[in-house]
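>>> Have a look at this prediction, sequence included:
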Amino acid sequence: MTVRIRHITIDCADPYRLSLFWSAVTGYQEQPNDPNLPTHDQALISAPDGSAGLLFIRVPEPKTVKNRVHFDVQPLDATRDTEFERVLALGASLVGDFRRPDGTGWVIVADPEGNEFCIERSAAERGQ
């Protein structure tokens, strides 16, 4: 037997705000027949290809420690550095910069609620 991951669930203080941030980062969209609203205790954004969606659930306690699980994202149509600048403009913050002079490496950023994720090089950059 096998399973398929249906949603990746993220505890947060403001599900609506995080759904907007991650929608802008990933291109995932809310369900047209069940839109996310600021007053809802959960917000779902779905992948266009039907793979696992992101589900944000309101919880009362704040994030207190480093994530045990995090996303590594790879730009599809930009460079790592361009994507880094884009997510900063969307509200992410720099956590750690592990880019190397030879162009390899990654950047660790945090979403607006402090959840860390890594931005890696694009496939085109890896092929160089």
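Thanks, I have the structure now.
>>> Report the central residue of the chain.
A centroid search over the chain (CA atoms, centre = their mean) returns residue 22, at 5.0 Å, as the residue closest to the centre.
>>> just checking, next helix/strand downstream of the helix or strand that that one is a member of?
Using DSSP states H and E, residue 22 sits in helix 15-26. Downstream of helix 15-26, the first helix or strand assigned by DSSP H and E is strand 42-45.
>>> Pull the residues that contact that following strand.
7, 15-16, 18-19, 22-23, 26, 28-31, 34, 36, 53-58 (CB atoms under 8 Å, 6 or more residues apart in numbering). All C-beta spots, glycine's among them, are computed from the backbone N, C-alpha and C.
>>> again, only using 7 Å
15-16, 19, 22-23, 28-31, 36, 53-58 (CB atoms under 7 Å, 6 or more residues apart in numbering).
>>> So which of those residues wins on neighbours?
For these, counting by other CB atoms under 10 Å, the largest number of neighbours falls to residue 56: 29 neighbours.
>>> So which residues of this protein form helices?
15-26, 80-90, 123-127 (DSSP state H).
>>> quick one: contacts for the closest residue in space to residue 114 that isn't next to it in sequence?
Excluding its sequence neighbours, the residue lying closest to residue 114 (CB to CB, 6 or more residues apart in numbering) is residue 63, at 5.0 Å. Each residue near residue 63 by CB under 7 Å, 6+ apart is listed here: 113, 114, 115.
>>> Can you say which of these are buried?
113, 115 (16 or more other CB atoms under 10 Å).
>>> quick check, nearest of the contacts of strand 42-45 to residue 104?
When the contacts of strand 42-45 are ranked by distance to residue 104 (CB to CB), residue 22 comes first, at 26.3 Å.
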